[in-house]
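Asks: Show me how the following folds:
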Amino acid sequence: MQVVKSPAEQRMLLRNVSWETYERLIAEREERRKPRFFYDRGVLELMSPSGEHDVSSRLIALLVDMVAEESGIDVENAGSTTFKREDLERGFEPDECFYFSENAARVRELVRGKGDIVLDEGDPPPDLVVEVDITNPSLNKLPIYASLGIREVWRYDGGRLSILRLRDREKYAEAAASGFLTAATAETLTRLISDGLTLDRLAWRRMVRASVSDPENRPD
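Replies: As a prediction, the model looks like this:
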């Protein structure tokens, strides 16, 4: 067992954990959202986010919602839902995740019908996952995301947001802008997150709207 602790986050890495144990731990946690579980073929990471982590995560979620609204794109925030595939022996619980356009409408219908999103039943994985890493993670989660078909990952390290887009269904490559929210460039998002952590919220919302509507912030 490896334990990683920091003022920002607490992580525990366990090895040789069976799929059955992973599912039992999820069930025993019930409705609590901490710790969050990430599972990769026998390796289990338990992560308890800090206040700083959660503030950044919520701010990015608000930013996604606002950019989608200003861009006229339907969006559904699935939060830190548990996503797992038994056949792949992988699972994760994101800081935030989103579905866009047709997938957003499909997921709302699924949740109304059965109350949950189940990848083992063929339900769609999120289009976008947000990962806040205030400290270095113990477990590389990109292979988990790639295997489950997450097309885009936004990673925020406490100072910079990077946009990673899935290539060839296997690996992520850094991109200048989002493939779902074309008004969202990594540079603009980084600046807006920094401003959002210090500015009055109303002033910040006006700044976000102005940034989205300004053609100079759109990628070529």
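
Asks: Any stretches of this structure with poor pLDDT?
Replies: The model of the chain has pLDDT under 70 over residues 1-9, 136-137, 214-220.

Asks: now the strands for it?
Replies: 2-5, 10-14, 36-40, 43-48, 75-77, 83-85, 90-92, 96-100, 128-132, 152-156, 161-167, 171-175 (DSSP state E).

Asks: Mind checking the ones you listed for the one nearest to residue 22?
Replies: Taking Cβ to Cβ, strand 36-40 is the member of these nearest to residue 22, at 4.8 Å. For glycine as for every other residue, the C-beta is placed from the backbone atoms N, C-alpha and C.

Asks: The closest one pairs with which strands, parallel or anti?
Replies: Strand 36-40 has the following sheet partners, assigned by DSSP bridges: strand 43-48 (antiparallel), strand 90-92 (antiparallel).

Asks: Between strand 10-14 and the first one, find me the angle.
Replies: Per axes from the mean of the first three to the mean of the last three Cα atoms, to 10 degrees, the angle that strand 43-48 makes with strand 10-14 is 160 degrees.

Asks: from the strands paired with strand 36-40, which stretch is densest packed?
Replies: Comparing the strands paired with strand 36-40 by mean neighbour count (mean count of other Cβ atoms under 10 Å), strand 90-92 comes out on top with a mean of 24.

Asks: for that strand, the distance to its chain's centre please.
Replies: Relative to its parent chain, strand 90-92 has a centroid offset of 13 Å by Cα atoms, centre = their mean, to the nearest Å.

Asks: which residues sit against that strand?
Replies: 22, 37-41, 82-85, 129, 141, 144-145, 147-148 (Cβ atoms under 8 Å, 6 or more residues apart in numbering).

Asks: are any of these buried, and which?
Replies: 22, 37-40, 82-85, 129, 141, 144-145, 147-148 (16 or more other Cβ atoms under 10 Å).

Asks: from the residues you listed, which two are the most distant?
Replies: 22 and 129 (19.1 Å).
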